[in-house]
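*Asks:* My questions concern the predicted model and sequence given below.
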Amino acid sequence: MRRSYVRALGTVALAATLVVAAGCQDSGGGDGGTASGDCGGKIAIFGAFTGDNAGLVIPSLNGANLAVEQFNTANPNCKVTMQPFDTQGDPAVATPFANQIASDNSFLGVIGGHFSGESDATMPIYQAAGLAMVSPSATRTDLTQKGNTSFYRVVGNDGTQAGAVASYLKTQNAQKVFMIDDASAYGAGITEELGKQLGPLVVNKDKIQERQAQFDATISKIKSAQADYVFYGGYTREAAPLVKQMRAAGVQAKFVGPDGLYDTAFPKGASGAPRARSSPARASRPTRPAAPSPPTTRRSSASRRAPTAPRVSTPRRSTWTPSRPARRPGRTSWRT
Amino acid sequence: MHFDELIGHLGQHTVDGLSKGAIYALIALGYTLVYGVLRLINFAHSEVFMVGTFAVLILWNQLGVENNPPVGQAILFLVLGLVVAAAASGGTALALERVAYRPLRRKNAPPLIFLITAIGLSLVFVELFGQVLPKLLGGALPDVFGRPRQIVGMPTIIQQETLFTIGNTAITNIQLIVFIAAVAMMALLDWFINRTRYGRGVRAVAQNPETAALMGVNQERVIMLIFVLGGIMAGAAALLWSMRFGFTQNSIGFVLGLKAFTAAVLGGIGNLRGALLGGLFLGIVEVYGATLFASNWEDVIAFVVLIVVLMFRPTGLLGESLGRARA
């Protein structure tokens, strides 16, 4: 949970700043009339509050809500409200919301986007409207290199994260690293950067695709490479079944992932039997661990195996499009 | 291109492909049965499978199943899982037919309406399990519906172990179970359609609904029967999936359904043995493709092969027929 706390606290701080800014708007406000007269106002927050990767974003939403609540308790005469917009992480959903927010004068600022793809798509709209957007988690490197004056973020970028993974793997004396990514801008970007930094330590790599659920081919590649570490650049939805199938197939290589896996759904999806862990009945049976200890969501005690994730203090995310491709039209005729 | 890897472990990749394709084939049967009789692509069938996986998950969750139970219990859990999944999937398929398709048939709706209805139903089920049920049952079943649209793991019922090795090809217990169970279910269905009285009715309606009705075949009953049969096969596939991969999600049916539909078309839609052949063939092609290039190429390879096959055999590998002639 540590990372989530860090991120949630980051969002609290960020929201607090915006809230204070909202509260002070009355003195300097020229044409941007606030909703409730002299004081208070509205903040927008947008991101994937539902969907496959919502577990990464909801802590941030909760943090922002807490910050607003705290401010309103401390300043009963100057209440600020926050309006969430659920984009499901999809740039195509985020854009109409951005237009709506931009055309509404009562908004003072925006928290988001949480993913790089939606941030990238909406940055120009917020810039044109003169609204500042502050992201808790969009990490694609080029977001801050486009000359956009609206976009700010309170995390490091993918380059810092890849560096942290590389130095972690080196301190663990990794010899054969197998790299997998999900071919997304986020996953492939981090993995490519890591590959550069690891050089000859990378024995082989594979690319999977979003929504893939069966990983036989990837697993036999890991086996023939005899890797001691597997790095996966991507999100929980594919990582959880991947780890589960790796372990079932007897691959004991340690699994390392970036912040796309900082999600409580990851251990849930990768392990399965939540009761099994606390059951003394099974203790005498020598069983192989069905799931890896998910490093990013539990504190590792001294007795447990060393955490397999790098201690990275920043990063995260990029594009995610949950688009359902159009179904193939079939020839149907009832009673031809 | 990793030719050496593919050739070096050809046997292994074939075995992996067969066990992958067996699940496709079981789901493909549902598409093919309904198409053979109604000439309708039931796109909601992928969600029939998804409901089956959730039924297994809820059952195992309620029974408090843990990882690696003793063999006796494991068999019990699997048999119970099969019954529950088949009941849930078969029931869902039947409900779809009664609630959605039958009223349309009564009104002689044009074929496109059926197609759109099927896609709409599919979305309804995806969101029902993704959003509505988590809201309603999130408190009662936190391990199943804890968060909207989340991915949920299931306990490992059978620990995967290598049973025997031929050359450098290792065959695991789970692969063997999946393959044998899938082929057995299909053989059973094939026997049912070709050898029993009910099966004869199904074939008769597939060949010519009006004549079959004149000969005293109860058409509505036949249609209900094929939906239930397809649902039961999807339920069996759901159990095998749960045993082998051990996770589910509300959106899990989409890709699998698409693949199963492809398998059905590849083998010759409307043809039961074609679905088996198409499924296994598709599974092997995907694993070969993923090995040769990278895993994100497997769909590209699969669909290229589909197009090539359809160029030379436009009705699929075995041709369109449920039972026999369908002019």
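*Replies:* It's in. Numbers count the residues shown, from 1 in each chain, chains lettered A, B, ... in the order given.

*Asks:* Up against chain B, what does the stretch 1-150 of chain A have?
*Replies:* A:50-52, A:54-55 (CB under 8 Å from any CB of the partner chain). All C-beta spots, glycine's among them, are computed from the backbone N, C-alpha and C.

*Asks:* In TSV, list those along with pLDDT, neighbour count and secondary structure.
*Replies:* Conversion of the residues of the stretch 1-150 of chain A next to chain B to TSV gives the following (pLDDT from 0 to 100; neighbours: other CB atoms under 10 Å in any protein chain shown; DSSP: H, G, I helix; E, B strand; the rest coil):
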residue	pLDDT	neighbour count	secondary structure
A:50	81	18	coil
A:51	75	23	coil
A:52	74	27	coil
A:54	81	22	helix
A:55	80	25	helix
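
*Asks:* for those residues, which one is nearest chain B?
*Replies:* residue A:50 (5.0 Å; CB to the nearest CB).

*Asks:* Nearest to residue A:147 among the residues of the stretch 1-150 of chain A next to chain B?
*Replies:* residue A:51 (30.5 Å; CB to CB).

*Asks:* so that closest one makes contact with residue B:150?
*Replies:* No - Residue A:51 is not in contact with residue B:150 according to CB atoms under 8 Å; the separation is 9.7 Å.

*Asks:* Quick check: longest helix in chain B by residues?
*Replies:* helix B:10-38 (DSSP state H).

*Asks:* Check which residues of the helix or strand just after it are buried.
*Replies:* Using DSSP states H and E, the helix or strand that follows helix B:10-38 towards the C-terminus is helix B:45-63. Applying a neighbour-count criterion of 16 or more other CB atoms under 10 Å in any protein chain shown, one finds B:45-61 buried in helix B:45-63.

*Asks:* tell me which strands and helices helix B:45-63 is in contact with?
*Replies:* Secondary-structure packing of helix B:45-63 (3 or more CB pairs under 8 Å, 6 or more residues apart in numbering or on different chains; DSSP states H and E): helix B:10-38, helix B:71-96, helix B:111-127, helix B:142-145, helix B:219-244, strand B:247-248, helix B:252-267.

*Asks:* what residues are up against residue B:81?
*Replies:* B:56, B:59-60, B:239, B:242-243 (CB atoms under 8 Å, 6 or more residues apart in numbering or on different chains).

*Asks:* closest to chain A among the residues you listed?
*Replies:* residue B:60 (8.3 Å).

*Asks:* which ones are touching the closest one?
*Replies:* Residues in contact with residue B:60, defined by CB under 8 Å, 6+ apart, are B:77, B:81, B:154-155, B:157, B:242.

*Asks:* Export the contacts of residue B:81 as a markdown table, with columns for distance to residue B:40 and pLDDT.
*Replies:* Formatted as a markdown table, these follow (distance: CB to CB, whole Å; pLDDT from 0 to 100):
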| residue | distance to residue B:40 | pLDDT |
| --- | --- | --- |
| B:56 | 27 | 96 |
| B:59 | 31 | 96 |
| B:60 | 33 | 94 |
| B:239 | 26 | 97 |
| B:242 | 28 | 94 |
| B:243 | 31 | 94 |
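
*Asks:* Show me which pair in those residues is furthest apart.
*Replies:* Longest span within the contacts of residue B:81, CB to CB: B:59 and B:243, 12.7 Å.

*Asks:* part of a helix, is residue A:121?
*Replies:* Yes - under DSSP: H, G, I helix; E, B strand; the rest coil, residue A:121 falls within a helix.

*Asks:* Only C-alpha atoms, please: export stretch B:114-134 in CSV.
*Replies:* C-alpha atoms of stretch B:114-134 as CSV (Å, rounded to 0.1, in the frame of the first residue of the first chain):
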residue,chain,number,x,y,z
PHE,B,114,-31.4,-10.3,-34.5
LEU,B,115,-27.8,-9.3,-35.0
ILE,B,116,-28.1,-6.0,-33.3
THR,B,117,-30.1,-7.5,-30.5
ALA,B,118,-27.4,-10.1,-29.9
ILE,B,119,-24.7,-7.4,-29.7
GLY,B,120,-26.9,-5.3,-27.4
LEU,B,121,-27.5,-8.3,-25.1
SER,B,122,-23.8,-9.0,-25.0
LEU,B,123,-23.2,-5.4,-23.8
VAL,B,124,-26.0,-5.7,-21.3
PHE,B,125,-24.4,-8.8,-19.7
VAL,B,126,-20.9,-7.3,-19.7
GLU,B,127,-22.2,-4.3,-17.8
LEU,B,128,-24.5,-6.3,-15.6
PHE,B,129,-21.5,-8.3,-14.3
GLY,B,130,-19.2,-5.3,-14.4
GLN,B,131,-21.3,-2.6,-12.8
VAL,B,132,-24.8,-3.7,-11.6
LEU,B,133,-23.9,-6.9,-9.7
PRO,B,134,-20.9,-5.3,-7.9
